[in-house]
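**Student:** Have a look at this prediction, sequence included:
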Amino acid sequence: MQTHNHSNKKDCRKTLVHMSEYVDGDIGAKDKKGLEDHFANCKACKAVFATLKKTIGLFRRASVEKLSAAEARAIRSEVKAKTEK
Ligand SMILES: [Zn+2]
C-alpha cells in the first residue's frame, strides 16, 4: 500500500524550473502540461503558482507585456523561497 500524500521533491524542483520559464514567457506547451499534471498532485506547488500568476499579472499591467529581467528575477526568488522551506 502506498500513500500519495506528498509528491516527489525532485518533481517539485523540476516544476520550479518550469515555473521560471513561465515567468520568462519561455515555456513550451509540453512543459506547461507537465506543470498542470504536477499541480494535480501537489498542492504546495499549485499554491505557489497561483501566487506567481497573480504577481506576474500585477507586473504586466504596470508595464509592458513582458517582464524585465529584474522583475523576473524578483518573482523567481520569491517562488524559490516559498518552495524551499
Ligand atoms: Zn510540487
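**Tutor:** Good, I have the coordinates. Numbering: from 1, shown residues only.
**Student:** following whichever helix in the chain runs longest, which helix or strand shows up next?
**Tutor:** Using DSSP state H to define each element, the chain has its longest helix at helix 43-62. Proceeding C-terminally, helix 43-62 gives way to helix 69-83 as the next helix or strand, assigned by DSSP states H and E.
**Student:** so where's this structure uncertain?
**Tutor:** The model of the chain has pLDDT under 70 over residues 1-7, 60-66, 83-85.
**Student:** residues from it in reach of the ion?
**Tutor:** 12, 42, 45 (C-beta under 5 Å from the ion). (Glycine included, C-beta is placed from N, CA and C.)
**Student:** Which residue is the nearest non-sequential neighbour of the last one?
**Tutor:** This means Cys45. Using C-beta to C-beta, 6 or more residues apart in numbering and skipping residues adjacent in sequence, the residue nearest Cys45 is Thr15, 5.1 Å away.
**Student:** list the buried ones in the helix or strand encompassing that neighbour?
**Tutor:** Thr15 is part of helix 9-23, with elements assigned from DSSP H and E. Using 16 or more other C-beta atoms under 10 Å as the test for burial, helix 9-23 gives 12, 15-16, 18-20, 22-23.
**Student:** out of those residues, which one sits closest to Leu67?
**Tutor:** Ranked by distance to Leu67 (C-beta to C-beta), the buried residues of helix 9-23 are led by Val23 at 6.5 Å.
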